[in-house]
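> sequence and predicted structure are below.
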Amino acid sequence: MRKEVVTAILMLALGTGGSALASAQGKTDQKITFAAVYDHTLSGVEKEFVSGAEAMPDDKFNFAPTQGEFKGVRTFAQQVKHVAAVNYMFGAAIMSEKPPVNLGSENGPDNLTSKADIVKFLKDSFAYLHKALATLDENNILGQVQSPFGPNTISRLGLTNIAISHPFDHYGQMAVYLRMNGIVPPASRGQ
């Protein structure tokens, strides 16, 4: 994480105001909002996840380990499709609407099989999730919405925190798959 962002987060936590985050984002005249903070965080998650997805060659995109305790794990492509589908589910729940695309399930549409189509689906899902996060404000962030996973409700704040962290669960698996194929994940490469 960039030093400016860490400093800004610490200043916010200490109650010193939002000007540090705005400065870190190069927007010193803008008020810091929930939407801006979460959008910035999602951008970091998106950069690492999308670059990781793009790094796997087409001919390895359906790779899944077979040596060791890997029976039944998702392929690399399935990891990417799952995160994209769940991004749509989280975004729709935050905005209390139906996903704008047919997801099939939390594993994504069965008809998406090529790397190009799956990466586009992923990028579109992040764009939709950014749209959802832009709706967050101090008046609605604690409001309860229908969980996309079962009959319970959850606050937009709780759902947003899960939406931000969920891709990293799968990014860790993708990083292992990349390395098993001799590819250093872009986020781990020297600057």
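Thanks, I have it.

> helix or strand: which one has the residue lying closest to P185 once chain neighbours are set aside?
In space, and not counting its chain neighbours, P185 is closest to A175: 4.7 Å by C-beta to C-beta, 6 or more residues apart in numbering. From N, CA and C alone the C-beta is placed, and that goes for glycine too. Counting by DSSP states H and E, the element that carries A175 is helix 156-180.

> for that helix, packing partners?
Identification of packing neighbours for helix 156-180 by 3 or more C-beta pairs under 8 Å, 6 or more residues apart in numbering; DSSP states H and E yields helix 34-55, helix 76-94.

> report the contact partners of the residue nearest to the spatial centre of the chain.
Closest to where the C-alpha atoms of the chain average out (C-alpha atoms, centre = their mean) is P167, at 4.7 Å. P167 sits next to V45, E46, F49, V83, N87 when contact means C-beta atoms under 8 Å, 6 or more residues apart in numbering.

> tell me which of the helices and strands packed on helix 156-180 sits most buried.
Of all those, helix 76-94 carries the top mean neighbour count, a mean of 25, counting by mean count of other C-beta atoms under 10 Å.

> give the rounded mean pLDDT of that one.
Averaging pLDDT along helix 76-94 gives 97.

> again, but for stretch 38-50
Mean per-residue pLDDT for stretch 38-50: 94.

> one more: stretch 165-177?
Averaging pLDDT along stretch 165-177 yields 93.

> now the helix holding A175 and helix 34-55, what's the angle there?
For helix 156-180 against helix 34-55, the angle by axes from the mean of the first three to the mean of the last three C-alpha atoms, to 10 degrees is 20 degrees.

> ramachandran angles for I154?
Per-residue torsions, I154: phi -150, psi 150 (degrees, to the nearest 10).

> look at the residue lying closest to it once chain neighbours are set aside and report its pLDDT.
Closest residue in space to I154, ignoring its immediate chain neighbours: S147 at 4.8 Å, by C-beta to C-beta, 6+ apart. On pLDDT, S147 comes in at 94.

> do the same with T66
84.

> who's in contact with the closest residue to E54 other than its chain neighbours?
Using C-beta to C-beta, 6+ apart and skipping the chain neighbours, the partner closest in space to E54 is V119 (6.1 Å). Listed by C-beta under 8 Å, 6+ apart, the contact partners of V119 are V50, A53, E54, V80.
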